[in-house]
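Engineer: Just a sequence and a predicted model for now, questions to come.
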Amino acid sequence: MLIRREAQQKRFFLACVLLLTPACFVSTQMTSVANPEWAPEAPIGSMLVWVVSEDLSLRSEMEAEFESRASEYDVEIVPAFDLFFPGNSYSEDEVLETLRRREITAILYLVPGASGTRVTQRPTTTTTGCSIWTSSQGCVQTSSTTSGGSASRAHAEYSVSLVDAIDQSTIWTASATSKGNDFARQSNLRKSVVGKTLDHLRDDGIISWWSGVG
């Protein structure tokens, strides 16, 4: 319990720091829907997260981010990177046996889509101010500063689905588009997508906040 509380306090502090720093800004829009026919016998206790990408750095980063946020919810989140070595091939029986042994009941697949940077043009503005001021004559010299030009802004698209680990039926599905300002990088967008995914899973009734018990 103490570990979970400390993790939440650290997250709150980081969120405050980010809010007070007018630099990196990311906006992630997500649309999600839960399968109305999904009727679980028990809440999802353990969920495997699998980022479907050959980019090992991206996989490791996003799966670890999901795991790090698990303390906020009543679900264990297990990175697929930790259970299934990317260089090996596994039969369906081997995968199912591993999931059974770890008591994992659902798999969250996250598939990166189109991503990159878009170049946008800033409007040109000119600011004029006084550069030399005297008490007798007032402003005797002015200077002008012109700003504008182009800026590169990161963007990325993702599709997400949560499936039953046994019968592979779809429990929940979503799509997301993430955009950043001049200072945001793809890593910032990825963190935003992870947070938005967990928020929607909670809002759609698939998972819940950590109850504080256990």
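Structural biologist: Sure, I can see it. This one's a predicted model, so the numbers in the text were calculated from it and none came from an experiment. Numbering: from 1, shown residues only.
Engineer: Enumerate the positions of the longest strand anywhere in the chain that are buried.
Structural biologist: Counting by DSSP state E, the longest strand found in the chain is strand 106-134. By neighbour count on 16 or more other CB atoms under 10 Å, the buried set for strand 106-134 is 106, 107, 108, 109, 110, 112. In this view, the C-beta of every residue, glycine as well, is placed from N, C-alpha and C.
Engineer: mind listing what the third one touches?
Structural biologist: The neighbours of residue 108, taking CB atoms under 8 Å, 6 or more residues apart in numbering as the test, are 47, 48, 49, 50, 66, 160, 161, 162, 197.
Engineer: could you redo the last one with a cut-off of 10 Å?
Structural biologist: Residue 108 is in contact with 44, 47-51, 63, 66, 77-78, 80, 160-163, 171-172, 197-198, 201, 206, counting by CB atoms under 10 Å, 6 or more residues apart in numbering.
Engineer: Next: the fourth one.
Structural biologist: The contact partners of residue 109, by CB under 10 Å, 6+ apart, come to 48-52, 80, 159-163, 170, 173.
Engineer: Any of these buried? List them.
Structural biologist: Buried by 16+ other CB under 10 Å: 48, 49, 50, 51, 80, 160, 161, 162, 163, 173, out of the contacts of residue 109.
Engineer: Put together CSV for the residues you listed, with pLDDT, distance to residue 117 and secondary structure on each row.
Structural biologist: Below are the buried ones among the contacts of residue 109 laid out as CSV (pLDDT from 0 to 100; distance: CB to CB, whole Å; DSSP: H, G, I helix; E, B strand; the rest coil):
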residue, pLDDT, distance to residue 117, secondary structure
48, 98, 32, strand
49, 98, 26, strand
50, 97, 27, strand
51, 97, 21, strand
80, 97, 28, helix
160, 98, 23, strand
161, 98, 27, strand
162, 98, 30, strand
163, 97, 32, strand
173, 98, 28, strand
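Engineer: Nearest to residue 71 among those residues?
Structural biologist: residue 49 (14.7 Å; CB to CB).
Engineer: I'd like the buried ones among the contacts of residue 109 written out as CSV, with distance to residue 184 added.
Structural biologist: Listed next are the buried ones among the contacts of residue 109 as CSV, based on distance: CB to CB, whole Å:
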residue, distance to residue 184
48, 29
49, 23
50, 25
51, 20
80, 27
160, 20
161, 26
162, 27
163, 31
173, 26
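Engineer: Need the max-distance pair from those residues.
Structural biologist: 80 and 173 (18.3 Å).
Engineer: List the residues that contact the residue lying closest to residue 107 once chain neighbours are set aside.
Structural biologist: Leaving aside its chain neighbours, residue 107 sits nearest to residue 48 (4.7 Å; criterion: CB to CB, 6 or more residues apart in numbering). Contact partners of residue 48, counting by CB under 10 Å, 6+ apart, are 63, 66, 76-80, 82-84, 95, 98-99, 102, 104-109, 163, 165.
Engineer: Thank you, goodbye.
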